[in-house]
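A.B. asks: here is my input, please return the structure:
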Amino acid sequence: MSKSRAKFGAGRATPVASASDLAQIARDHAFVALAYGESPFLAGCLASLRSQTIASRTIIATSTPSDHVSRAAADFGFALVVNPTRAGIAADWNFGLRAAKARFVTLAHQDDLYAPDFLAETLASFRRCAGAICFTGYEEVDDDGYPTSSKISRAKHLIEALTLGGARKAKGLRLRAYLSFGNPLPCSSVTYDLQRLGGFEFSDDFASNLDWDAWWRLMVAGETFVRAPARLVGRRHNALTETSRLLRDGVRRTEDLAMFRRAWPAPLSDILAAAYRAGY
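C.D. replies: Next up is the predicted model:
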């Protein structure tokens with residue numbers, strides 16, 4: 001692939017609202033960078049959080065403390081909090097939500113990148129419409145941070161376009177349609193309004209689809225999802241990510257089928273799950 005194109009996020013940072021208004025909201029926001037193992041992409045993720053056009057607090061949360069993570073925290077001047085127990089992905093994410101001690105929380109995934117106006121667009125969206133979560137669009141990027149695409153990312157973008165179009169919020173039947181053909185909503189693009197969500201937690205019944213399960217439960221509860229359609233997160237898919245490991249272990253296949261069976265009767269659910277799996 002030619003590298004003549006700009007890297008993800010370059011040249012963005014377009015003002016979306018009054019900086020003073022958004023700065024006020026941002027005082028009650030925190031990024032929580034979820035660090036696990038020794039990802040070579042952690043520094044890039046942290047740099048993208050530090051480059052946001054609206055200042056916010058960033059902490060690093062980990063259940064696998066190491067010199068690698070400690071050095072990254074020191075290099076960027078971010079606080080490091082350690083989960084004393086290792087009880088799986090759901091426990092790590094729930095720990096991150098609690099550790100933020102903020103109303104609005106973005107769980108930043110260490111392999112991903114955030115465009116400079118991610119936070120500004122997210123907070124502006126929350127200001128326009130109250131909702132349980134706000135999510136942005138995403139773009140798949142390669143290991144060097146350049147935009148790329150795959151069968152699954154193209155399929156997910158198509159699902160989003162067909163079910164949501166240009167809508168700035170989703171709930172009810174529209175949201176159900178969006179979530180019924182797979183999981184097109186990447187968790188790293190989501191910011192949570194914990195004041196509205198109350199005692200929300202991710203379920204440890206899932207290791208791979210804990211985010212899809214969470215979106216489905218919120219949809220069933222009648223919550224509104226706020227949306228900033230611009231592609232403001234760069235998502236990586238490679239052999240080093242946790243998603244890739246779960247695919248290799250077969251966990252993703254089992255959990256995909258369980259989620260499709262929530263949305264569709266058999267045998268249609270099984271057919272859709274097989275088609276979805278073929279994209280990975």
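
A.B. asks: what bridges to the nearest residue to residue 134 once chain neighbours are set aside?
C.D. replies: Leaving aside its chain neighbours, residue 134 sits nearest to residue 226 (4.1 Å; criterion: Cβ to Cβ, 6 or more residues apart in numbering). C-betas here are computed from N, CA, C, even on glycine. Here residue 226 sits in beta bridges with residue 134, residue 169, going by DSSP bridges.

A.B. asks: I'd like the distance between the residue nearest the centre of the chain and residue 21.
C.D. replies: Centroid-nearest residue in the chain: residue 188, 1.6 Å away (criterion: Cα atoms, centre = their mean). Separation of residue 188 from residue 21 (Cβ to Cβ, to the nearest Å): 25 Å.

A.B. asks: hang on, the earlier thing: now for the residue nearest to residue 134: which residues touch it?
C.D. replies: Each residue near residue 226 by Cβ atoms under 8 Å, 6 or more residues apart in numbering is listed here: 125-126, 128-131, 133-135, 168-169.

A.B. asks: for those residues, pick the one with the most neighbours.
C.D. replies: Counting neighbours by other Cβ atoms under 10 Å, the top entry in the contacts of residue 226 is residue 134, with 27 neighbours.

A.B. asks: residue contacts, that residue?
C.D. replies: By Cβ under 8 Å, 6+ apart, residue 134 lies in contact with 122, 125-126, 190-191, 193, 225-228.

A.B. asks: try residue 108
C.D. replies: By Cβ under 8 Å, 6+ apart, the contact set of residue 108 is 31-34, 45, 49, 58, 114, 188.

A.B. asks: just the C-alphas of the helix or strand harbouring it, formatted as CSV.
C.D. replies: For residue 108, the element it lies in under DSSP states H and E is strand 104-109. C-alpha atoms of strand 104-109 as CSV (Å, rounded to 0.1, in the frame of the first residue of the first chain):
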residue,chain,number,x,y,z
PHE,A,104,-17.7,11.1,31.3
VAL,A,105,-15.2,8.3,30.6
THR,A,106,-13.6,7.1,27.5
LEU,A,107,-11.9,3.7,27.7
ALA,A,108,-9.0,4.1,25.3
HIS,A,109,-7.6,0.9,23.8
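
A.B. asks: ok, back up a step: for residue 52, see how far away the residue nearest to the centre of the chain is.
C.D. replies: 14 Å.

A.B. asks: and what of residue 145?
C.D. replies: 17 Å.

A.B. asks: the more surrounded of these two?
C.D. replies: Using other Cβ under 10 Å, the more surrounded residue of residue 145 and residue 52 is residue 52, with 21 against 18.

A.B. asks: and the contacts of stretch 269-280?
C.D. replies: 150-152, 155, 181-182, 247, 252-253, 256-257, 260-261, 263-264.

A.B. asks: out of those, which comes closest to residue 202?
C.D. replies: The nearest member of the contacts of stretch 269-280 to residue 202, counting by Cβ to Cβ, is residue 252 at 16.3 Å.

A.B. asks: now the two most distant members of the contacts of residue 108.
C.D. replies: Spanning the widest gap among the contacts of residue 108 are 58 and 188, at 14.1 Å by Cβ to Cβ.

A.B. asks: for residue 232, phi and psi?
C.D. replies: Note on residue 232: backbone dihedrals following degrees, to the nearest 10 are phi -110, psi 0.

A.B. asks: correction: residue 147
C.D. replies: Note on residue 147: its backbone torsions stand at phi -60, psi 140 [degrees, to the nearest 10].

A.B. asks: and the residue nearest to residue 134, how close does it get to residue 27?
C.D. replies: From residue 226 to residue 27 the distance is 19 Å (Cβ to Cβ).
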